[in-house]
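Chemist: Curious how this folds, go ahead:
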Amino acid sequence: MKYNEFSNTGWKVSEIGLGCWQIGWCWGDVSNKDARNLLHKALDKGINFFDTSDTYGDGRSEKFLSEIKKIRSNQIYVTTKLGRRIRGTNYKKGYKHEPMEEFINRSLKNLDVEKIDLVQLHCPPIDVCKNKETYEKMDEFVKKGKIQFYGVSVYNLSEAYEAIKHPNVKSIQLVFNIFRQKPLEKFLKIVHEKKIAIIARGPLASGMLGGDINRNTKFPENDHRNYNINGEAFNIGDTFSGVNFLKGLEAVEELKKILPNKFSLSNLALKWILMHKEITAVIPGAINEKQVESNASVTDMPEISEIMSKIKNIYEKFIKKDVHEKWN
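Modeler: Coordinates of the predicted model:
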């Protein structure tokens, strides 16, 4: 496993982390046994960076990470995203910054730690990102010793551009994959120069870039790829990266035609992201040990410089028109 510096925190994080949405909810049923086993497999493969949220199973995902930290002696960095919790509360749907300390206190309990490694604001709207008091409040939590560092997870680049104006923001998390290439134009370079960590989420476009999904695939009722297919539940950019399902499958077939020897499509999708030096960590999710092992193996696979232009051409032909300007 290769490791990268995470901003100026002094951390060295695995370039391939683990997104823990799947072990919380919204991806069908992942058993307790499978969740625990895949976390162990991640550590066995050198993964030390784990991304979760208090909304993933309303704390279920955080509690699994608490367990693994007690069992294993590995150095583990856990980041949780806060601000959108509604289950078990009277809060309305959407981002909420006022009760942030309440959310932090609950995650401290779920993770069973005295201090959270990294809290990411969970996709706050642009007005929150513009407000300097947002960051002053987070600075207070650092001073109180409840969190070590903080960053911002975003839907739109405009929100990220506002967040990086503030000196204590250590990371930006955003959707970045073969189907979401807008950040390449200038954003990645700007953030890299500021020495802010970049966390790439949704690397497999909700599994579409895994290569096993086809037009006959049926998703469970409790899977967001079923109930959020048109963005009814939350931002559609986090379901298939906002790409039309059938158009996405067309692009997938073209990508399969250029697969390098011994690469699966998911390998290609992850390696494409890692070809960009600005990326600190990519955080594919998983529902079993096999997927974790496949994802982790990409760190040692050869570079794909010779087909990067072909991948760009496929994006421009099938995907760009529909999504390139949507999450500015």
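Chemist: In three-state terms, how would Q173 be classified?
Modeler: Of the three states, Q173 takes strand under DSSP: H, G, I helix; E, B strand; the rest coil.
Chemist: I'd like the distance between it and D238.
Modeler: Q173 sits 11 Å away from D238, taking C-beta to C-beta, to the nearest Å as the criterion. Quick note: C-beta positions are derived from backbone N, CA and C, even for glycine.
Chemist: Looking at these two, which one has more neighbours?
Modeler: Neighbour tally, Q173 and D238, criterion other C-beta atoms under 10 Å: the higher count belongs to Q173, 28 against 21.
Chemist: May I have the beta-bridge partners of the more buried one?
Modeler: According to DSSP bridges, the partner residues bridging Q173 are S153, I199.
Chemist: Pull up the overlap in contacts between Q173 and D238.
Modeler: Counting by C-beta atoms under 8 Å, 6 or more residues apart in numbering, the shared contacts of Q173 and D238 are R201.
Chemist: would you list every one of the strands in this structure?
Modeler: Remark: strands assigned in the chain by DSSP state E are 3-5, 12-14, 18-19, 49-53, 77-82, 116-122, 147-153, 169-175, 197-201, 281-282.
Chemist: which one of these lies closest to G242?
Modeler: G242 lies closest to strand 169-175 among the strands of the chain, at 8.2 Å (C-beta to C-beta).
Chemist: other SSEs contacting the closest one?
Modeler: Counting contacts by 3 or more C-beta pairs under 8 Å, 6 or more residues apart in numbering; DSSP states H and E, strand 169-175 is packed against strand 116-122, strand 147-153, helix 157-163, strand 197-201.
Chemist: contacts for that strand?
Modeler: Outside of strand 169-175, the residues within contact range by C-beta under 8 Å, 6+ apart are 6-9, 51, 79, 81, 118, 120, 135, 149-154, 157, 160, 163-164, 183, 191, 196-202, 237-238, 241, 280, 283, 327.
Chemist: T55 and A200, how far apart?
Modeler: For T55 relative to A200 (C-beta to C-beta), the value is 20 Å.
Chemist: Actually, S266.
Modeler: In terms of C-beta to C-beta, S266 sits 14 Å off from A200.
Chemist: same deal with E303?
Modeler: E303 is 17 Å from A200, by C-beta to C-beta.
Chemist: higher neighbour count, these two?
Modeler: Neighbour tally, E303 and A200, criterion other C-beta under 10 Å: the higher count belongs to A200, 26 against 10.
Chemist: Spit out the contact partners of the more buried one.
Modeler: Neighbouring residues of A200 by C-beta under 8 Å, 6+ apart: 173-177, 273, 279, 281-283.
Chemist: cool, and G59?
Modeler: Contacts of G59 (C-beta under 8 Å, 6+ apart): 106-107, 110.
Chemist: just to revisit the earlier point, out of the contacts of A200, the closest to E232 would be?
Modeler: Set against E232, the nearest of the contacts of A200 by C-beta to C-beta is V175 (18.6 Å).
Chemist: Now that closest one: closest residue in space, sequence neighbours ignored.
Modeler: G202 (4.2 Å; C-beta to C-beta, 6 or more residues apart in numbering).
Chemist: Give me the pLDDT for V113.
Modeler: Looking at V113, its pLDDT is 97.
Chemist: how much space between it and S66?
Modeler: 8 Å.
Chemist: ok, the spatially closest residue to N267 that is not a sequence neighbour - how many residues close by?
Modeler: With C-beta to C-beta, 6+ apart as the criterion, N267 has its nearest non-adjacent residue at 5.3 Å, and that residue is V298. Using other C-beta under 10 Å, V298 has 23 neighbouring residues.
Chemist: The chain: helices as residue ranges?
Modeler: 32-44, 60-71, 100-111, 126-130, 132-144, 157-163, 187-193, 224-227, 245-256, 265-274, 289-297, 308-318, 320-323 (DSSP state H).
Chemist: closest to L255 out of the helices and strands packed on strand 169-175?
Modeler: Going by C-beta to C-beta, the one of the helices and strands packed on strand 169-175 nearest L255 is strand 197-201, 17.6 Å.
Chemist: Could you find the closest non-adjacent residue to R180?
Modeler: Spatial nearest neighbour of R180, excluding adjacent residues (C-beta to C-beta, 6+ apart): S241 at 5.0 Å.
Chemist: quick one: the one you found from Q291, how far?
Modeler: Between S241 and Q291 the distance is 18 Å, computed by C-beta to C-beta.
Chemist: Settle it for me: which of the two has more neighbours?
Modeler: Using other C-beta under 10 Å as the criterion, S241 and Q291 rank with S241 on top: 26 against 19.
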